[in-house]
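Participant: this is a predicted model, with the sequence first.
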Amino acid sequence: MIEFQNVSFAYEKGRPVLRDLSFRIEDGEAVGLIGANGAGKSTVMKLLLGLLQGEGKILVDGVEVKRDTLGEIRKKLGFVLQNSDNQMFMPTVYEDMIFAPLNYMLSREEADARVDAVLARLHLEDLKHRYNHKISGGEKRMAAIATILAMEPEAILMDEPSSALDPYNRRLVINTIRELSQTKLITSHDLDLILDTCGRVILLSNGRIAADGPAKELLRDRALLEANRMELPLSLTGR
């Protein structure tokens with residue numbers, strides 16, 4: 001579904017952020033992309049979305065990410081931003097959700113049906129006509145996920161999906177992520193969320209892959225995590 005082939009990138013010449021990065025994510029996989037600050041996680045996301053261009057090759061469902069394929073690529077990928085305020089730009093949840101389907105040339109009737117189906121699936125029917133500036137942070141995060149699902153992407157990218165959420169809404173988001181059938185790539189410093197939602201982890205360090213394997217194994221490897229400026233998930237520390 002997603003493939004990086006020898007990808008390198010630098011914001012400044014001579015100071016690479018990613019170095020010859022290669023990995024493959026299969027259709028339906030849930031993969032956590034972890035690493036300390038500055039490891040290159042956000043850069044991977046931006047390259048995948050075509051917001052940045054580096055060296056090497058990136059493929060999404062067999063299509064290379066290039067300037068002339070971005071329209072096709074972005075129909076396949078849904079991106080849930082860390083700050084939902086930067087994603088929800090229409091007055092109401094409904095208007096945000098229907099915006100992309102209408103721009104994909106669906107009829108109003110088809111787009112409405114898709115919106116209602118997503119809201120029902122996530123048990124968010126009561127948010128449909130709510131104003132974005134009047135809903136809580138947790139509700140807005142769930143609405144942002146619903147907005148992406150209304151696009152029916154093949155893969156979902158999430159940047160710090162649990163940030164700034166209280167425990168109840170954090171658990172709600174985790175449960176929702178676990179139920180999604182799409183291919184998922186999630187970046188987060190919340191390693192408990194990664195452990196709960198991802199079967200596989202890619203650990204970045206200094207722009208390279210330090211480890212790639214089952215989440216339940218890598219996230220229990222204290223020596224590996226500490227060597228890369230990270231700590232065990234709190235659920236595994238006994239605290």
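Facilitator: Great, that's in hand. Just so it is clear, the model here is predicted, and its values are computed rather than measured.
Participant: ranges for the strands of the protein?
Facilitator: For the chain, applying DSSP state E gives strands covering 2-12, 15-25, 30-34, 55-60, 63-64, 77-80, 155-159, 183-187, 200-205, 208-214.
Participant: a markdown table for those, including mean neighbour count and distance to residue 143?
Facilitator: C-betas here are computed from N, CA, C, even on glycine. Putting the strands of the chain into a markdown table (neighbours: other C-beta atoms under 10 Å; distance: least, C-beta to C-beta, whole Å) gives the following:
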| stretch | mean neighbour count | distance to residue 143 |
| --- | --- | --- |
| strand 2-12 | 16 | 26 |
| strand 15-25 | 17 | 26 |
| strand 30-34 | 25 | 22 |
| strand 55-60 | 17 | 25 |
| strand 63-64 | 12 | 29 |
| strand 77-80 | 23 | 11 |
| strand 155-159 | 22 | 14 |
| strand 183-187 | 24 | 18 |
| strand 200-205 | 23 | 28 |
| strand 208-214 | 15 | 32 |
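Participant: of these, which is nearest residue 127?
Facilitator: strand 77-80 (15.7 Å; C-beta to C-beta).
Participant: contacts only, for the residue sitting nearest the centre point of the chain.
Facilitator: The chain has residue 158 as the residue nearest its centroid, 1.7 Å off, counting by C-alpha atoms, centre = their mean. By C-beta atoms under 8 Å, 6 or more residues apart in numbering, residue 158 lies in contact with 79, 80, 177, 184, 185, 186, 187, 188.
Participant: and it, bridged to which residues?
Facilitator: residue 80, residue 186 (DSSP bridges).
Participant: wait, which of the contacts of residue 158 is closest to residue 23?
Facilitator: residue 185 (10.2 Å).
Participant: any idea how far residue 54 is from the residue nearest to the centre of the chain?
Facilitator: For residue 158, the distance to residue 54 equals 22 Å [C-beta to C-beta, to the nearest Å].
Participant: same deal with residue 202?
Facilitator: 17 Å.
Participant: and the pLDDT at the nearest residue to residue 8 once chain neighbours are set aside?
Facilitator: Among residues not flanking residue 8 along the chain, residue 55 sits closest, at 4.5 Å (C-beta to C-beta, 6 or more residues apart in numbering). Note for residue 55: predicted pLDDT of 95.
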